[in-house]
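J.: Take this sequence and fold it.
(4 chains)
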Protein chains: 2
Amino acid sequence: MRASDIAYERLRDDIIHWRLEPGAPLAEIEVSARIGVSRTPVREALSRLINEGLVSNNSGRTAVVTPVSRAHIEQLFELREALETQAARLAARRRDSSSFESLKEAFLATTDAAAATNNVGTAAESGDSSDASYLLADRLDAAIDEAMDNSYLRSALKDIRGHLARARRHAHANPIRLEQARTEHLLIIDAILRRDEMLAGQATAVHLRNSLDNILATIPPLPGGSAPTTSTTSTASTTNTETNTGTTPETNAAASASPRKDIP
Amino acid sequence: MRASDIAYERLRDDIIHWRLEPGAPLAEIEVSARIGVSRTPVREALSRLINEGLVSNNSGRTAVVTPVSRAHIEQLFELREALETQAARLAARRRDSSSFESLKEAFLATTDAAAATNNVGTAAESGDSSDASYLLADRLDAAIDEAMDNSYLRSALKDIRGHLARARRHAHANPIRLEQARTEHLLIIDAILRRDEMLAGQATAVHLRNSLDNILATIPPLPGGSAPTTSTTSTASTTNTETNTGTTPETNAAASASPRKDIP
DNA sequence: GGGTTACTCAATGTATACACAACCGACTCG
DNA sequence: CGAGTCGGTTGTGTATACATTGAGTAACCC
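T.: Residues are numbered from 1 along each chain as shown, chains lettered A, B, ... in the order given. Predicted structure coming up:
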């Protein structure tokens, strides 16, 4: 594996799992020393991350991890809805039934497990069932990816999955929502199996709207809100930016001479 | 301006305007010698173009300009429809009326000019009116870009505009289609001005469908079709790939270990 | 004669050295 | 006492030298 790939995956993983918090500076020399490769692969990795929108160098000099605010997540889901509804429609049009049949069985098989976990605790903290649920959801995403048979759409979806994984930290995996999501996923699968494009798209839209509501419910609407979740819990080394809750992501895209992707 | 920006814009412009035809090899040393910068900026430019999907290095070693086939254009418009309809909906929701009012006047003002050009020649070959039409369409795109107020969606749209500009070469600018597009654009503007999200999205979908049909009408459905447009008319230096008309863009995305964007 | 293997070479991947530009600090002058 | 300026330092942008890998080719063996 190339050193640039190592640097890219290492940085991307650190950003997605919040080991590098929003606003953390990514100086080339420091990163290259930390990862153990030269500056050249680090530059390429940072370039990829900037294109992906996980890193921005709008502050002129040094690159920083992009913030994750309520407004960011809302904008992200506006794009996600456009992409995933179209993906579901295309998957319903071109699907190969076998993979979705097995997927449906897998989703149906998790009924007992989810119900059992549902009795254990009220606020499960990312235990076994939520991991399994995420794995199943990823399998559904992969099946739709393959079925829709569109490289451009697939690439666009891949671009936003990193952001979604980062935003997923805000989604407390409560069993009620997990069960609801399971029902919604089954509805999507059924629509795809029935080749009902419109229903597949609309079921996806419903699922995404509920998912967004679930995420937003854990974020205070205003910076000085009620939930003090991010009150100076600085875990990283030098980062003091606390997820940038209230700032609107209005990038002055006109002025910046940055090459591409002026993601806030 | 940085050397990497120069290399990026130069290569992108060459690709979009078909001075670099699909399949043309982009060796780093050759490109750096041609443009007059070192290999490092060329590497960054190629990386950006690969992320953008205009260049691929799937052939293992050396990067090549991605092909443009009928199937590619169809897939591209499937993504474009998802993005632009959502953009139109959001623009209708959040628009500032002033820019669209002036835009509507600009579109209405082109009535006489288009009619005049309509009488001059039957098959206008990218004359004045088509250029003006494209400029107006770009202004509409920019207005929607600004009005929708979504950085992620804006970035995704920016990514596919390069591909669209490249595919536009196939769209012969016949006056009938230009006038039809003008009507469709006016319908979109009216819907946005009336804050009718659904109508804005649907009018955009209609426009894109007609635009795709217009482009596809100039491409033979099958490689050995009736139109011998691509019969060994190799204009570039060493490129012998003739727009790859018949090949389906089925990328074996699973096997490729390429970092991102396995655009065909 | 065909296939396989090894060798060569060219192109890419990586590292490092150099140049320039921007921030930060202190010092000095008004 | 404040503000401006000047130098140092840090970090990015670029170029080039070195390492490495993959492809092409030719020779050799079966």
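J.: Quick check: the single nearest residue of chain A relative to DNA strand C vs chain B, distance?
T.: Relative to DNA strand C, the nearest point of chain A is A:S38 (2.7 Å; CB to the nearest atom of the strand). Using the backbone N, CA and C atoms, a C-beta is placed for each residue, glycine as well. A:S38 sits 12 Å away from chain B, going by CB to the nearest CB, to the nearest Å.
J.: in chain A, what spans have low per-residue confidence?
T.: Counting by pLDDT under 70, chain A contains low-confidence ranges at A:111-130, A:222-264.
J.: tell me which parts of it are close to DNA strand C?
T.: Within chain A, the positions adjacent to DNA strand C are A:R2, A:A3, A:S4, A:D5, A:V37, A:S38, A:R39, A:T40, A:P41, A:E44, A:G60, A:R61 by CB under 7 Å from any atom of the strand.
J.: Leaving aside the residues adjacent along the chain, what's closest to the third one?
T.: Read that as A:S4. A:P41 (3.8 Å; CB to CB, 6 or more residues apart in numbering or on different chains).
J.: Mind checking what secondary structure that neighbour has?
T.: Counting by DSSP: H, G, I helix; E, B strand; the rest coil, the backbone at A:P41 sits in helix.
J.: My guess is it contacts A:R2. True?
T.: Yes: between A:P41 and A:R2 a contact is recorded at 7.2 Å, counting by CB atoms under 8 Å.
J.: residue contacts, the most centrally placed residue in chain A?
T.: Centrality entry for chain A: nearest residue to the mean C-alpha point is A:L164, 1.0 Å, by CA atoms, centre = their mean. For A:L164, the contacting residues are A:L76, A:R80, by CB atoms under 8 Å, 6 or more residues apart in numbering or on different chains.
J.: Over to A:S47?
T.: Contacts of A:S47 by CB under 8 Å, 6+ apart are B:E44, B:S47, B:R48.
J.: Which parts of the stretch 1-150 of chain A are helices?
T.: Ranges of helices in the stretch 1-150 of chain A, per DSSP state H, counting those that start in this stretch, are A:3-16, A:28-35, A:39-52, A:70-94, A:97-109, A:111-120, A:128-148.
J.: Surely the residue of chain A closest to DNA strand C touches A:S4?
T.: No: taking contacts as CB under 8 Å, A:S38 lies outside contact range of A:S4: 9.8 Å.
J.: These two: who's more crowded?
T.: Using other CB atoms under 10 Å in any protein chain shown as the criterion, A:S38 and A:S4 rank with A:S4 on top: 21 against 13.
J.: just to revisit the earlier point, now tabulate the contacts of A:S47 in CSV and tack on distance to A:L140.
T.: Formatted as CSV, the contacts of A:S47 follow (distance: CB to CB, whole Å):
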residue, distance to A:L140
B:E44, 36
B:S47, 32
B:R48, 32
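J.: same for DNA strand D: which of these are within range?
T.: B:E44.
J.: Specify which member of the contacts of A:S47 is nearest to DNA strand D.
T.: Of those, the one sitting nearest to DNA strand D (CB to the nearest atom of the strand) turns out to be B:E44, at 6.6 Å.
J.: Can you get me a residue count around the closest one?
T.: 20.
J.: residues in contact with it?
T.: B:E44 touches A:R43, A:E44, A:S47, B:S4, B:A7, B:Y8, counting by CB under 8 Å, 6+ apart.
J.: Same question for A:R166.
T.: Each residue near A:R166 by CB under 8 Å, 6+ apart is listed here: A:I15, A:I16, A:W18, A:L54, A:V68.
J.: hang on, the earlier thing: what about A:P41 and A:R2, which has more around it?
T.: Applying other CB under 10 Å to A:P41 and A:R2 shows that A:P41 carries more neighbours, namely 19 against 12.
J.: Give me the distance between the closest residue to DNA strand D within chain A and chain B.
T.: For chain A, the residue closest to DNA strand D is A:E28, as judged by CB to the nearest atom of the strand, at 3.4 Å. A:E28 sits 13 Å away from chain B, going by CB to the nearest CB.
J.: Switch the helices of the stretch 1-150 of chain A over to TSV; also include distance to B:T204.
T.: Output for the helices of the stretch 1-150 of chain A, formatted as TSV (distance: least, CB to CB, whole Å):
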stretch	distance to B:T204
helix A:3-16	33
helix A:28-35	42
helix A:39-52	26
helix A:70-94	12
helix A:97-109	30
helix A:111-120	40
helix A:128-148	21
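J.: Determine which of those approaches B:R177 most closely.
T.: Between B:R177 and the helices of the stretch 1-150 of chain A, the tightest spacing by CB to CB is seen for helix A:70-94, at 25.2 Å.
J.: quick check: angle from that closest one to helix B:70-94?
T.: 140 degrees (axes from the mean of the first three to the mean of the last three CA atoms, to 10 degrees).
J.: Checking helix A:70-94 against chain B, do any of its residues make contact.
T.: Yes: counting by CB under 8 Å from any CB of the partner chain, chain B is contacted by helix A:70-94 at A:Q75, A:L76, A:E78, A:L79, A:E81, A:A82, A:L83, A:T85, A:Q86, A:L90.
J.: I'd like to know which of those are buried.
T.: Buried subset of these (neighbour count, 16 or more other CB atoms under 10 Å in any protein chain shown): A:Q75, A:L76, A:E78, A:L79, A:E81, A:A82, A:L83, A:T85, A:Q86, A:L90.
J.: returning to that earlier point: could the contacts of B:E44 go into JSON lines alongside distance to B:S133?
T.: Shown next, in JSON lines, are the contacts of B:E44 (distance: CB to CB, whole Å):
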{"residue": "A:R43", "distance to B:S133": "41"}
{"residue": "A:E44", "distance to B:S133": "40"}
{"residue": "A:S47", "distance to B:S133": "36"}
{"residue": "B:S4", "distance to B:S133": "33"}
{"residue": "B:A7", "distance to B:S133": "31"}
{"residue": "B:Y8", "distance to B:S133": "28"}
